[in-house]
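**Student:** next come a sequence and a model predicted from it.
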Amino acid sequence: MVFHIILNPAGASGRALDKWKKVKHLFAGCDFKLHRSTEERSIGDICRELTTDTSGEDVYLVVIGGDGTLNEAVNGIEDIEHTLFGFIPCGTGNDMQRDMSLPKSDSELVSLIKEGRQRRCADIGELTFYGEGKVIKRLFNISSDIGFGAATCAYADKSRLKPILNNLGLGRMIYLIEAIKVCFTVKPANVKVSCGGKSRLYKGCLSAIVMNHKHEGGGFEFCPNADFTDGKLDLCLGSRISKLGYLRLLPYALKGKHLKLRGVYTGRGDVIKMSCDVPMWAHTDGEVLGKADKVEMRIIPEKLRLIV
């Protein structure tokens, strides 16, 4: 059994490499190989190379990074059936860690990983993006949104403040800053949603969130009933909520207490389709794809085999 440790040395403003230096000694006594991404060879490329020709043998991947890095990794895996997946979180959000109740102690977490035993399986979502003259398919672990969340990620990624706040350990602040801007600058759309065998038009929609896990955005519990093992996706949508009202809703969402508020709608299904009259930003696990006219989210048949 060889553990393939995968990281982006520049990931999370260098925290991924720092994390590896802290946990390296914990892998003593087992076989491992370190893989560092470069501009020419991404996290996804590394995972693809390691899982393309498994010859039916299990491959052990351990990714060090945040939710975005985990998204890159899962999109690179070619043979999901013969991949055993572990991760050591060190991002700003770490929503996947939060939902799975992983040990916060590095030594406890690495001890679980070193056992190399499949502990559970997780559903994997897939977004099909239609917009800007292109069609893109992208897997996600946690969530895929159109509107508010994706727009916030898009603007945060371009912000000059982001690396500064990351270096100060205040990375989540940039999302709060950009979220406030989004509320007052992004135009709501009319969104037709097909979910759970029902279709409905929602007017004045600022955000439609599709979740595989409960949390996104560094702890917002938008879909408190989501279960990453049930084969379903959960939907949370806001319709005809004022921009100021949307900001007021966010503190409730931190504890999943927003579902009873006026203008908040929910749904559940293995396939969720949405189309909008105004193109809306779309993302998977915080990785922005562009502005979409139409999207489709579903759970794929393969499961992510976890050793954590």
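**Tutor:** That came through, no problem.

**Student:** distance from the chain centre to the longest strand seen in the chain, please.
**Tutor:** Longest strand of the chain, by residue count under DSSP state E: strand 287-306. Computed by CA atoms, centre = their mean, to the nearest Å, the chain-centroid distance of strand 287-306 equals 10 Å.

**Student:** so for that strand, mean pLDDT?
**Tutor:** Strand 287-306 comes out with an average pLDDT of 97.

**Student:** which strands or helices does it pack on?
**Tutor:** helix 67-76, strand 83-89, strand 120-131, strand 134-140, strand 143-147, helix 148-158, strand 233-239, strand 271-284 (3 or more CB pairs under 8 Å, 6 or more residues apart in numbering; DSSP states H and E). Where you see a C-beta, it was placed from the backbone N, CA and C, and this is true even at glycine.

**Student:** in the longest one, what's buried?
**Tutor:** When burial is assessed from 16 or more other CB atoms under 10 Å, strand 271-284 yields the following buried residues: 272-276, 279-284.

**Student:** closest to residue 194 out of the residues you listed?
**Tutor:** Residue 194 has its nearest neighbour among these in residue 273, at 4.2 Å by CB to CB.

**Student:** my read: that closest one touches residue 193, true?
**Tutor:** Yes. In this structure, residue 273 is within contact of residue 193 by CB atoms under 8 Å, at 7.2 Å.

**Student:** in the chain, which helix is the longest?
**Tutor:** helix 171-185 (DSSP state H).

**Student:** quick one: that one to helix 148-158, angle?
**Tutor:** 120 degrees (axes from the mean of the first three to the mean of the last three CA atoms, to 10 degrees).

**Student:** show me what helix 171-185 is packed against.
**Tutor:** The contact analysis (3+ CB pairs under 8 Å, 6+ apart) places helix 171-185 against helix 148-158, helix 161-167, helix 243-253.

**Student:** pipe these into a markdown table and attach mean neighbour count, distance to residue 124 and mean pLDDT per row.
**Tutor:** A markdown table is the format used below for those (neighbours: other CB atoms under 10 Å; distance: least, CB to CB, whole Å; pLDDT from 0 to 100):
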| stretch | mean neighbour count | distance to residue 124 | mean pLDDT |
| --- | --- | --- | --- |
| helix 148-158 | 23 | 19 | 83 |
| helix 161-167 | 16 | 28 | 68 |
| helix 243-253 | 16 | 24 | 87 |
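
**Student:** quick one, which of the ones you listed is nearest to residue 4?
**Tutor:** Residue 4 lies closest, by CB to CB, to one member of the helices and strands packed on helix 171-185: helix 161-167, at 26.4 Å.

**Student:** break the protein down into its domains, please.
**Tutor:** Annotated domains of the chain cover 2-117, 124-300 [automatic domain parsing].

**Student:** so for residue 307, which of these sits nearest?
**Tutor:** The closest of the domains of the chain to residue 307 is domain 2-117. By CB to CB, the value is 4.4 Å.

**Student:** just the mean pLDDT for the closest one, thanks.
**Tutor:** The pLDDT scores in domain 2-117 average 93.

**Student:** start to end distance for it?
**Tutor:** Using CA to CA, to the nearest Å, the end-to-end distance of domain 2-117 comes to 13 Å.

**Student:** any idea how far it is from the chain center?
**Tutor:** Mean-position distance between domain 2-117 and its chain equals 15 Å (CA atoms, centre = their mean).

**Student:** quick revisit: pipe the domains of the chain into JSON lines and attach distance to residue 307 per row.
**Tutor:** Shown next, in JSON lines, are these (distance: least, CB to CB, whole Å):
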{"stretch": "domain 2-117", "distance to residue 307": "4"}
{"stretch": "domain 124-300", "distance to residue 307": "15"}
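
**Student:** of those domains, which is nearest residue 306?
**Tutor:** domain 2-117 (5.6 Å).

**Student:** so for stretch 287-296, what gets flagged as buried?
**Tutor:** Of the residues in stretch 287-296, 287-296 count as buried by neighbour count, 16+ other CB under 10 Å.
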